[in-house]
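> what's the 3D shape of this:
(one chain, ligands or ions: 2)
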Amino acid sequence: MRVHVADHPLITHKLTVLRDVNTPSPVFRALVQELMTLLAYEGTRGVRVEPVDILTPVAPTTGVRIADPKPLIVPILRAGLGMLDGMVTLLPSAEVGFLGMARNEETLEPTTYAERLPDDLSDRQCFVLDPMLATGGSLTAAIEFLLARGATDVTAICILAAPEGLAAVERALHGREVSIVLGAVDERLNEHGYIVPGLGDAGDRLYGTV
Ligand code: PRP
Ligand code: URA
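Numbers count the residues shown, from 1 in each chain. Ligands and ions are numbered 1, 2, ... in the order given. Purely as a prediction, here's the structure:
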């Protein structure tokens with residue numbers, strides 16, 4: 001498992017405002033998009049491109065374009081949806097699939113309640129979006145889902161992670177290669193499975209309590 005923590009003062013600055021309990025939902029939503037654009041830049045370093053011949057006003061030259069098949073972006077509902085616009089801003093030609101997952105707040109086990117993904121992912125680069133990697137249960141389930149459909153190239157982009165969750169995902173992967181790009185790794189999980197200091201419940205802060 002490759003883990004990259006995007007170490008940049010702009011990310012730390014925006015994260016600080018995001019964490020603040022007094023930051024209202026509209027500002028929170030805007031910050032998630034801004035952070036996502038910065039994290040997407042890091043997360044797409046390995047995006048597949050192919051050569052393309054073009055003509056500038058001065059001379060012919062060779063550049064690159066995003067290769068086919070196009071990358072697949074998979075936001076994990078609900079909170080991952082808040083990251084989608086930031087990602088497609090950088091990768092407008094990507095396709096989007098969806099996984100709906102909810103963590104049982106008693107057992108901390110995730111359940112999958114929705115899925116809209118291509119059946120065969122064997123040649124697709126997949127980018128999973130979920131702001132929070134806490135116990136790692138949800139991200140592990142999402143990655144397993146994609147691997148079971150044949151994906152071999154998976155990058156997860158999360159805003160915050162707990163060390164316990166990162167270790168759990170790594171254990172569950174048993175050496176299968178996956179990349180994780182993070183805005184920050186926090187101190188720990190608390191007894192309720194929340195990231196400390198964290199930012200609280202990302203879905204609730206984005207959309208309000210259901
Ligand atoms: C949150 C978050 C992750 C999950 C992380 O979603 O967006 O998907 O919890 O926790 P874990 O690492 O312990 O699995 P939640 O289940 O609260 O659903 P929501 O996005 O609908 O709020
Ligand atoms: N889910 C969240 O939204 N926040 C946490 O801290 C943990 C899980």
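
> what ranges does the chain have for its helices?
9-19, 25-43, 84-90, 137-148, 163-173, 202-207 (DSSP state H).

> to ligand 2, which of those lies closest?
Nearest to ligand 2 among these is helix 202-207; the distance by Cβ to the nearest ligand atom comes to 3.8 Å. C-beta: built from backbone N, CA, C; applies to glycine.

> confidence score at residue 210?
pLDDT for residue 210: 54.

> how many neighbouring residues does the closest residue in space to residue 1 that isn't next to it in sequence have?
Nearest residue to residue 1 in three dimensions, chain neighbours excluded: residue 170, at 4.7 Å (Cβ to Cβ, 6 or more residues apart in numbering). Residue 170 has 16 neighbours, counted by other Cβ atoms under 10 Å.

> from residue 140, how far out is residue 170?
Remark: distance between residue 170 and residue 140 (Cβ to Cβ, to the nearest Å) = 10 Å.

> can you name the residues of the protein sitting close to ligand 2?
79, 132, 134, 194, 195, 198, 201, 202, 203 (Cβ under 6 Å from any ligand atom).

> just want the residue of this protein that's nearest ligand 1.
As assessed by Cβ to the nearest ligand atom, ligand 1 sits closest to residue 203 within the chain, at 2.3 Å.

> now for that residue: which residues touch it?
For residue 203, the contacting residues are 78, 79, by Cβ atoms under 8 Å, 6 or more residues apart in numbering.

> next: residue 128.
Each residue near residue 128 by Cβ under 8 Å, 6+ apart is listed here: 74, 75, 76, 80, 139, 142, 143, 146, 154, 155, 156, 157.

> could you do residue 53 as well?
By Cβ under 8 Å, 6+ apart, residue 53 lies in contact with 60, 61, 62.

> near ligand 1, which residues of the chain are found?
Counting by Cβ under 6 Å from any ligand atom, the chain sits next to ligand 1 at 76, 78-79, 101-103, 108, 110, 130-139, 165, 193, 201-203.

> pass me the low-pLDDT residue ranges in this structure, would you?
Applying pLDDT under 70 to the chain flags the ranges 210.

> by residue count, what's the longest strand in it?
strand 153-161 (DSSP state E).

> quick one: list the elements packing against that strand.
Applying 3 or more Cβ pairs under 8 Å, 6 or more residues apart in numbering; DSSP states H and E, we find strand 153-161 packed against helix 9-19, helix 25-43, strand 125-129, strand 132-133, helix 137-148, strand 179-185.

> the first one packs against which elements?
Right, helix 9-19. In terms of contacts (3+ Cβ pairs under 8 Å, 6+ apart), helix 9-19 is packed against helix 25-43, strand 153-161, strand 179-185.

> how far away from the center of its chain is the first one?
Using Cα atoms, centre = their mean, to the nearest Å, the distance from the centre of helix 25-43 to the centre of the chain it belongs to is 11 Å.
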